[in-house]
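*Asks:* pasted the sequence and its predicted model underneath.
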Amino acid sequence: MKSAFITGANKGIGFETAKQLLQKGFYVYLGSRNLENGTKALEKLKAENLTNVEVIEIDVSESDSVKNARIEIGKKTDVLDVLINNAGINGGEPYTALAASSDQFLATFNTNVFGVERVTQAFIDLLRKSPEPRIVNVSTSVGSLTLQSDPYWMAYDFAKYAVYGASKAALNMFTVHLAYELRGTAFKVNAVCPGYTKTDFTGYNGGEVAEAGQRIVKYALLDKDGVTGKFISEETNPTTGEIPW
């Protein structure tokens, strides 16, 4: 049975992604910053007879928490097949480059960028033991420098979140380098935008969470001929999924 670890999986897109992977026969380690919230999510899944799942307490913004999560999962398995770096924050208001504080930038980068770095480095040894390791970094088209500077982009005048966008652009660069360093191996590493989705992150505006989950799961299940080192947004480009950095 293949296994997956998903950060920020107690709600929203992370929870939906966990649900879909469970339905496909995976054993899922459901990462949650708050153990109580993670347990509630676990109960929801088990109520749907999805039982190959357990909660792992992890705050990706804290190095000790990440180390403890690695120890806990290491007690249960020697191999991890899929890592989905989903945990993230939006940075909060004010959203503009001139008004946002340095504390906002630091906190957001600590979760959205350094958190991914911490988790990836902590779990890379387990992933290396998988015959088909997959890493999906959950990103957003808002983090595309090309789109953000294109006045013809459909979201040009309203997707202006300087703190969040900057953090995701940095995450994208991390993804590029990670894919490069793992080139020539069985790894597939991609940055995937799930699309504007109805969750608490967006005030429950946007598309259906099931579709967002499907977009992430697709890249967690790539075969040996699948892409790597790509920036994917099927919402933006329904044809090939690839969008400019």
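*Replies:* Received it, and whenever you're ready, just let me know what you need.
*Asks:* look up phi and psi at the residue positioned nearest the centre of the chain.
*Replies:* Centroid-nearest residue in the chain: Asn86, 2.5 Å away (criterion: Cα atoms, centre = their mean). The phi and psi values for Asn86, taken as degrees, to the nearest 10, are phi -100, psi -30.
*Asks:* does it touch Gly8 like I think?
*Replies:* Yes: with contact defined as Cβ atoms under 8 Å, Asn86 counts as touching Gly8 (4.6 Å). All C-beta atoms are positioned from the backbone trio N, CA, C, and that covers glycine.
*Asks:* list residues touching both of the two?
*Replies:* Gly14, Gly31 (Cβ atoms under 8 Å, 6 or more residues apart in numbering).
*Asks:* give me the pLDDT value at the residue nearest to the centre of the chain.
*Replies:* Confidence at Asn86, expressed as pLDDT, is 98.
*Asks:* distance of it from Ser130?
*Replies:* 19 Å (Cβ to Cβ, to the nearest Å).
*Asks:* how near is Leu127 to Glu234?
*Replies:* In terms of Cβ to Cβ, Leu127 sits 25 Å off from Glu234.
*Asks:* what residues are up against Tyr219?
*Replies:* Arg134, Val136, Lys188, Asn190, Val192, Gly226, Ile232.
*Asks:* who wins on neighbours among those?
*Replies:* If you count neighbours using other Cβ atoms under 10 Å, the busiest of the contacts of Tyr219 is Val136, which has 29 neighbours.
*Asks:* shouldn't that residue be within a helix?
*Replies:* No: Val136 is assigned strand when assessed by DSSP: H, G, I helix; E, B strand; the rest coil, not a helix.
*Asks:* does it touch Ile216 like I think?
*Replies:* Yes: if you go by Cβ under 8 Å, Val136 and Ile216 touch, sitting 5.7 Å apart.
*Asks:* any shared contact partners between those two?
*Replies:* Common neighbours of Val136 and Ile216 (Cβ under 8 Å, 6+ apart) are Ile84, Val192.
*Asks:* tell me where this structure has helices.
*Replies:* 12-23, 35-47, 63-74, 102-112, 114-128, 145-148, 162-181, 209-220 (DSSP state H).
*Asks:* and the gap between the nearest residue to Lys44 once chain neighbours are set aside and Leu35?
*Replies:* Nearest residue to Lys44, sequence neighbours excluded (Cβ to Cβ, 6 or more residues apart in numbering): Phe15, at 7.9 Å. Using Cβ to Cβ, Phe15 is found at 15 Å from Leu35.
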